[in-house]
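Enquirer: no letters, just coordinates:
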């Protein structure tokens, strides 16, 4: 496995984000793509030791296209400058929580959770947090979890969501518009060799959060 090949390609495409350069250097992309799939294959194997639901998933099922959708964006650069893989037993487009690996020079991370859930599911997740707040807090406020994932959610309401009391003492957990978690990592975490022991620990913490969320998502679906 040669992770530096991935980072070098991503640095190159960031400064040469055009079709002419990409087509002339496609072999660099193919090499980086293959190395990223190799990394995901190893990660899937390690996750499967504590989450059997991902056993047998192939890395190519978890990756995303390098091409950007520019139809509704002012940024018309054609290629992404990161590589991401979403390891999810129900597929990468599922509402279920899984494990997301993101490589981007200067912006690497591990993430998980339910991003942009449809309104009925979001309401159900909020209700689950409200009804089981002690269990939820035992996960997200546990130092073992919190050291990697200090913030729950990316976008928030300014006040209590409709149907929930405004004086709820843990309102911050209900104002989330999505239930996501993410932990940033330095590029050195992956090179010259991946710190797999720490990565395993982070992913085990992702599973704790995912198990709580997926209990409700399973019922919803």
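Expert: Received, thanks. Everything numeric here is computed off the predicted structure, so don't read it as measured data.
Enquirer: how far away is the residue nearest to residue 215 when sequence neighbours are not counted from residue 62?
Expert: Once flanking residues are discounted, residue 215 sits nearest to residue 128: 7.3 Å by CB to CB, 6 or more residues apart in numbering. Glycine gets a C-beta too; all of them are placed from N, C-alpha and C. The gap separating residue 128 from residue 62 is 26 Å, by CB to CB, to the nearest Å.
Enquirer: neighbour count: these two, which is higher?
Expert: residue 62 (25 against 20; other CB atoms under 10 Å).
Enquirer: my read: that one touches residue 85, true?
Expert: Yes. Residue 62 lies in contact with residue 85 (CB atoms under 8 Å); the separation is 4.3 Å.
Enquirer: hey, where'd the strands end up in the protein?
Expert: 83-87, 98-103, 108-114, 179-185 (DSSP state E).
Enquirer: can I get these in a markdown table including mean neighbour count?
Expert: Conversion of the strands of the chain to a markdown table gives the following (neighbours: other CB atoms under 10 Å):
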| stretch | mean neighbour count |
| --- | --- |
| strand 83-87 | 22 |
| strand 98-103 | 22 |
| strand 108-114 | 22 |
| strand 179-185 | 21 |
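Enquirer: closest to residue 2 out of these?
Expert: strand 98-103 (12.9 Å; CB to CB).
Enquirer: direction included, what does the closest one pair up with?
Expert: Next to strand 98-103 in the sheet, as set by DSSP bridges, lie strand 83-87 (antiparallel), strand 108-114 (antiparallel).
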